[in-house]
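A.B. asks: any chance you can model this:
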Amino acid sequence: MNDNILKVENLDKYYGNKGSITKAINNISFNVRKGEFVGIMGPSGSGKTTLLNCISTIDKVTTGSININGSDITKMKAKQIEKFRRDELGFVFQDFNLLDTLTSYENIALALTIKGEQHSEIDKKVKRVALRLGIEDILEKYPYQISGGQKQKVACARAIVTSPSLILADEPTGALDSKSSRMLLESFEKLNKELSATILMVTHDAFTASYAHRILFIKDGRIFNEVVRGNDLRKEFFDRIIEVVTLLGGDSENVL
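C.D. replies: A predicted model of the protein is given here:
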């Protein structure tokens, strides 16, 4: 049985025109299995964000294929991509991307409303995910009334409420203090363990990365190294991540 949720094959991405062409991604291939929590790390300009943008359908690849839950997104038309993104993908961004005019409840419910689900079903799903993330008491509050950590938990709830095949997180702890970061990462762990949520997370932060099962390190648009947590404690995994960061050529300023 093939349990790969994500299959990236021979991916290339070029930017620019004939006068000046940049190869942002250079023949990258990797798989993510159902229920895995995978981190992507690399110095600034390594191609990690470009890679995430291609997987999230924000950017088009130059060559290669990206298979998510059995569908090759590189062959889809704009309308199909729109539906696919809504049904199959969940997003958690660094800057939360919550709508200021909606309550936390409404922000979480929005994707379900757009899909045309019944009100009673929406209510059930929103309350279930809020309970899991411990945010039931802020559902009626607006984004300006809650902390950064709470906003990111609401964003996390919004990402998971549709039961997507894949959650894509782009620097999810980038705007958070260390306490809020830890709370969010524990939420990710919980979603991953209890719901078998499949998470692909781009981060420059070794502490954040140490919550994942496996880290892909990208340098100059290629996969440079891979570290698997296995039975390591998080502290041991963190130390191994730091070793690779050092190997990346003194880029720890950019990676940590």
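A.B. asks: hey, let's count contacts and neighbours off CA atoms from now on
C.D. replies: Fine.
A.B. asks: for the residue nearest to Gln94 when sequence neighbours are not counted, give me phi and psi.
C.D. replies: Spatial nearest neighbour of Gln94, excluding adjacent residues (Cα to Cα, 6 or more residues apart in numbering): Pro172 at 4.6 Å. Pro172 adopts backbone torsions of phi -60, psi -20, taken as degrees, to the nearest 10.
A.B. asks: same deal with Lys77?
C.D. replies: Backbone phi and psi, for Lys77 under degrees, to the nearest 10, turn out to be phi -80, psi 160.
A.B. asks: what about it, how many neighbours?
C.D. replies: 9 (other Cα atoms under 10 Å).
A.B. asks: again, but for the one 4 residues further on
C.D. replies: By the criterion of other Cα under 10 Å, Ile81 has 17 neighbours.
A.B. asks: that one reaches Ile73, doesn't it?
C.D. replies: Yes: here Ile81 reaches Ile73: they are 7.0 Å apart, a contact under Cα atoms under 8 Å.
A.B. asks: for these two, list the residues in contact with both.
C.D. replies: Counting by Cα atoms under 8 Å, 6 or more residues apart in numbering, the contacts common to Ile81 and Ile73 are Thr57.
A.B. asks: where does the chain dip in pLDDT?
C.D. replies: 1-2, 249-256 (pLDDT under 70).
A.B. asks: so where do the strands sit in it?
C.D. replies: Taking DSSP state E to define them, one finds strands in the chain at 4-17, 20-33, 37-41, 63-68, 71-72, 89-92, 166-170, 199-202, 214-219, 222-228.
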